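Colleague: what follows is a protein structure lacking sequence information:
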């Protein structure tokens, strides 16, 4: 271990000690704190009032007022919630717009949270995040929602981070580290939820053009238009148009992205609101697979693709072309103790992908046409979801009953063909004796569907003015269908259907010591619907008869303190994961089964304290443990600790921050001969902005912003990217080098 790595490890206890010191100071500070300090909640922390997490809506808790704090909460990078019933980190619009690069996405925002570990090898938002881990739960093991709508690829529930909302269209991000209550919807409550809320229209008319330039020839141009109220009924709208281009940090891994977002909010009387929202995103990017240590040593830490048309790593052979869209109509109404909330939505993903057969060089050139031609693959993955989320609540007796149902239907088309990239022709090497060229080159040709139906019911029993108990259950039904002329992995025809179900109970207790200080205890079941890969076998009936949905049993205790000058929260957790889906070969045939699991446990802290004069200090930290029960090995992509330390100055027109995020040692098992620990590392970022009146007609404010990311230019290996197809050689990602962004924006009229 290097001396610098030792230094990083020495920093972590300092971060945790600061969090503990803040925790000890909270009761002392309570004697002098402003008693009007108020609670923070997920929806209220952002500028979005359209969230669907009804169990976490700000309200009066039996006489204890809980409303949004306007002091420390406005500048805290992350903060807990005084009404949440599980660990939750709220990241508001100030941190997002001031600290996240203009190219960034929700994964770059979530990265600051305790227990969250992300890897963005090409720079923020300049390729899909390679790793987004929450306590060791990987992408596909937790939900991501947009304005309360769960979205995912139905085959494995993963997410395309660069393909939907941009940074400028995001109002807030909430990282829920737990399965939630019965009303928490999604196909992967297994590991938690990242909730992304979009921007809302402003009350007054405004035009906000912006432009940003940065490292690697990065340029962002866009404009946000807020209409203000433009009808007698109070209709408001916001539109954001954006174009971005960058060469990216990695060699020949450029990206171009265009995005349009619009939202219209229409009041219908005093108690009802109708919301229309839609987005469209177009993305072109050149996509690498990682680099071997030998390639990194020979070509540099940013090696990815090249400019040689005779190479399988030629950047034009390794490209993604992706179009996405999302739209919904939301209705929210409150009357006579009833609350109705409904969203009808659709979203689509259309992806054409191209890659060299082996961009890392272990497979020689050669196709059915010539031994010198470059072999590659062409694929398409397109899906469309239609769904509806209906929620109904009513004050009954000493509490409130909440019920509802989520329905989602997703259709997928997937195909993959071997190609001769030199000739741009199908390469008939899969099944040379097939009747058609298309069949001879097909690795997969398949259609599949997933139908999810989740009804739920829960009751909040207000035991006293300061305490309540929330209990309920969610029933989940999901059904998969596949119709493949060439099934993935087997390359043989398959038509098959299977449904599963699970009942998920939950129970949580919440206690308010005061309007500033609350605590909770949670017991809940989480689950993960079976992956489509269960069907990638000759006889799926053998596998699905032996496979049940993966489940977690969550036990969590936590507390949150919030006043005008201090926000502080901490929790401890223990999670048992069982029904781990694993594979084995029986008589040479691949089969899946449930076996073993993972035991998770840890402690998490986060807090912000206003020192005065515009200065604040922020810290978070976590100690995490995730051990696989089958062999007591460390779970991959699970740092044993994370920490952050930040100093913020926010006074009038000036904002400055210096934030350091540390990620502890992580183990990766690349193959039987390579169990590689990757040492701890830290990344330090600086951001500053200044807003002023330029005294120009029709220009209200002018803002200049500057960001330096990775100040100390740490470019070490930080993740395993996978292995090569031919020899199983490990591939790695490295940390992007020091980079900057310079942004100018204005408020017109």
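Modeller: Okay, I see it. Remember, it's a predicted structure, so these values are computed and weren't measured experimentally.

Colleague: okay, and the beta partners of residue 149?
Modeller: residue 146 (DSSP bridges).

Colleague: start the count at 45 instead of 1 going forward.
Modeller: In the new count, where the first residue is 45, that last one comes out as residue 193.

Colleague: per-residue pLDDT, it?
Modeller: Listed pLDDT for residue 193 reads 96.

Colleague: that one contacts residue 372, doesn't it?
Modeller: Yes: taking contacts as C-beta atoms under 8 Å, residue 193 lies within contact range of residue 372: 6.3 Å. Heads up, the C-betas are built off the backbone N, CA and C, glycines and all.

Colleague: identify the contacts common to the two.
Modeller: Residues touching both residue 193 and residue 372 (C-beta atoms under 8 Å, 6 or more residues apart in numbering): 387, 389.

Colleague: ranges for the strands of the stretch 495-644 of the chain?
Modeller: Using DSSP state E, counting those that start in this stretch, the strands of the stretch 495-644 of the chain run over 511-530, 538-556, 561-572, 594-606, 610-622, 625-630, 633-638, 642-656.

Colleague: phi, psi for residue 224 please.
Modeller: When read as degrees, to the nearest 10, the backbone of residue 224 gives phi 80, psi -170.

Colleague: these two touch, right, it and residue 130?
Modeller: Yes: using C-beta under 8 Å, residue 224 is in contact with residue 130, at 6.5 Å.

Colleague: between these two, which contacts overlap?
Modeller: Joint contacts of residue 224 and residue 130 (C-beta under 8 Å, 6+ apart) are residue 568.

Colleague: I figured residue 236 hits residue 218, correct?
Modeller: No: contact between residue 236 and residue 218 fails when scored by C-beta under 8 Å: they sit 10.3 Å apart.

Colleague: of the two, which one has the most company?
Modeller: residue 236 (31 against 28; other C-beta atoms under 10 Å).

Colleague: wait, what's in contact with the more buried one?
Modeller: Applying C-beta under 8 Å, 6+ apart to residue 236 gives the contacts 178, 179, 181, 186, 187, 219, 220, 221, 222, 223, 570.

Colleague: cool, residue 146 as well?
Modeller: Counted by C-beta under 8 Å, 6+ apart, residue 146 has contacts 211, 212, 254, 256, 258, 264, 288, 785, 787.

Colleague: quick one: the helices in the stretch 95-244 of the chain?
Modeller: Along the stretch 95-244 of the chain, counting by DSSP state H, counting those that start in this stretch, helices occupy 137-143, 150-154.

Colleague: which of those helices sits closest to residue 198?
Modeller: helix 150-154 (19.8 Å; C-beta to C-beta).

Colleague: what helices and strands are in contact with that closest one?
Modeller: Here helix 150-154 touches strand 160-163, strand 214-220, strand 237-242, going by 3 or more C-beta pairs under 8 Å, 6 or more residues apart in numbering; DSSP states H and E.

Colleague: would you list the strands of the stretch 495-644 of the chain in TSV and tack on mean pLDDT, distance to residue 157 and mean neighbour count?
Modeller: Formatted as TSV, the strands of the stretch 495-644 of the chain follow (pLDDT from 0 to 100; distance: least, C-beta to C-beta, whole Å; neighbours: other C-beta atoms under 10 Å):
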stretch	mean pLDDT	distance to residue 157	mean neighbour count
strand 511-530	95	24	19
strand 538-556	94	21	17
strand 561-572	94	18	22
strand 594-606	93	14	22
strand 610-622	94	11	23
strand 625-630	62	27	12
strand 633-638	62	31	17
strand 642-656	94	8	21
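
Colleague: turn those strands into JSON lines, columns for distance to residue 275.
Modeller: Listed next are these as JSON lines, based on distance: least, C-beta to C-beta, whole Å:
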{"stretch": "strand 511-530", "distance to residue 275": "39"}
{"stretch": "strand 538-556", "distance to residue 275": "40"}
{"stretch": "strand 561-572", "distance to residue 275": "40"}
{"stretch": "strand 594-606", "distance to residue 275": "37"}
{"stretch": "strand 610-622", "distance to residue 275": "38"}
{"stretch": "strand 625-630", "distance to residue 275": "53"}
{"stretch": "strand 633-638", "distance to residue 275": "56"}
{"stretch": "strand 642-656", "distance to residue 275": "40"}
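
Colleague: still on that earlier bit, out of the contacts of residue 146, flag the one nearest to residue 520.
Modeller: residue 211 (32.8 Å).

Colleague: how many neighbours does the residue nearest to residue 695 when sequence neighbours are not counted have?
Modeller: In this structure, residue 695 finds its nearest non-sequential neighbour in residue 658, 3.0 Å apart by C-beta to C-beta, 6 or more residues apart in numbering. Using other C-beta under 10 Å, the number of residues around residue 658 comes to 15.

Colleague: quick one, what contacts residue 658?
Modeller: 693, 694, 695, 696, 698.

Colleague: which of the contacts of residue 146 fall in strands?
Modeller: In this view, the contacts of residue 146 that belong to strands under DSSP state E are 254, 256, 258, 264, 288, 785, 787.

Colleague: and the furthest pair within those?
Modeller: Farthest pair in these (C-beta to C-beta) is 254 and 258. Separation: 13.1 Å.

Colleague: distance from stretch 438-445 to the middle of the chain?
Modeller: 34 Å (C-alpha atoms, centre = their mean, to the nearest Å).

Colleague: ok, residue 283 touching residue 252?
Modeller: No: taking contacts as C-beta under 8 Å, residue 283 lies outside contact range of residue 252: 10.7 Å.

Colleague: overlap in contacts, the two.
Modeller: Both residue 283 and residue 252 are in contact with 268, 269, where contact means C-beta under 8 Å, 6+ apart.

Colleague: more neighbours, those two?
Modeller: Legend: neighbour count by other C-beta under 10 Å for residue 283 and residue 252, higher for residue 252 (20 against 15).

Colleague: tell me which helix or strand the more buried one sits in.
Modeller: Using DSSP states H and E, residue 252 sits within strand 250-258.

Colleague: so which residues make contact with that strand?
Modeller: 145-147, 212, 262-270, 272, 290, 744, 783-793.

Colleague: and stretch 269-289, by the same measure?
Modeller: With contacts defined as C-beta under 8 Å, 6+ apart, stretch 269-289 is touched by 146-147, 210, 212-213, 243-252, 261-268, 298-312.

Colleague: before we move on, the earlier item: PyMOL command to pick out the buried ones of the ones in strands among the contacts of residue 146?
Modeller: PyMOL command restricting these to the buried ones, with burial defined by 16 or more other C-beta atoms under 10 Å:
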select buried, resi 254+256+258+264+288+785+787
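
Colleague: next, format the ones in strands among the contacts of residue 146 as JSON lines and append pLDDT and distance to residue 339.
Modeller: What follows is these, written out as JSON lines (pLDDT from 0 to 100; distance: C-beta to C-beta, whole Å):
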{"residue": "254", "pLDDT": "96", "distance to residue 339": "38"}
{"residue": "256", "pLDDT": "96", "distance to residue 339": "32"}
{"residue": "258", "pLDDT": "95", "distance to residue 339": "26"}
{"residue": "264", "pLDDT": "96", "distance to residue 339": "31"}
{"residue": "288", "pLDDT": "95", "distance to residue 339": "28"}
{"residue": "785", "pLDDT": "96", "distance to residue 339": "28"}
{"residue": "787", "pLDDT": "97", "distance to residue 339": "34"}
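
Colleague: enumerate the positions of stretch 665-683 that are buried.
Modeller: Buried, per 16+ other C-beta under 10 Å, within stretch 665-683: 665-672, 678-683.

Colleague: endpoints of that stretch, how far apart?
Modeller: End-to-end distance for stretch 665-683: 12 Å, by C-alpha to C-alpha, to the nearest Å.

Colleague: what about that stretch, distance to the chain center?
Modeller: Using C-alpha atoms, centre = their mean, the offset of stretch 665-683 from its chain centre is 21 Å.

Colleague: all strands for the stretch 45-194 of the chain, in order.
Modeller: 104-105, 108-109, 132-135, 160-163, 175-178, 187-190, 193-194.

Colleague: for the last one, packing partners?
Modeller: Packing contacts for strand 193-194, counted by 3+ C-beta pairs under 8 Å, 6+ apart, involve strand 382-400.

Colleague: in the strand it packs on, what counts as buried?
Modeller: The neighbour-count check on strand 382-400 (16+ other C-beta under 10 Å) flags 383-389, 391-395, 397-400 as buried.
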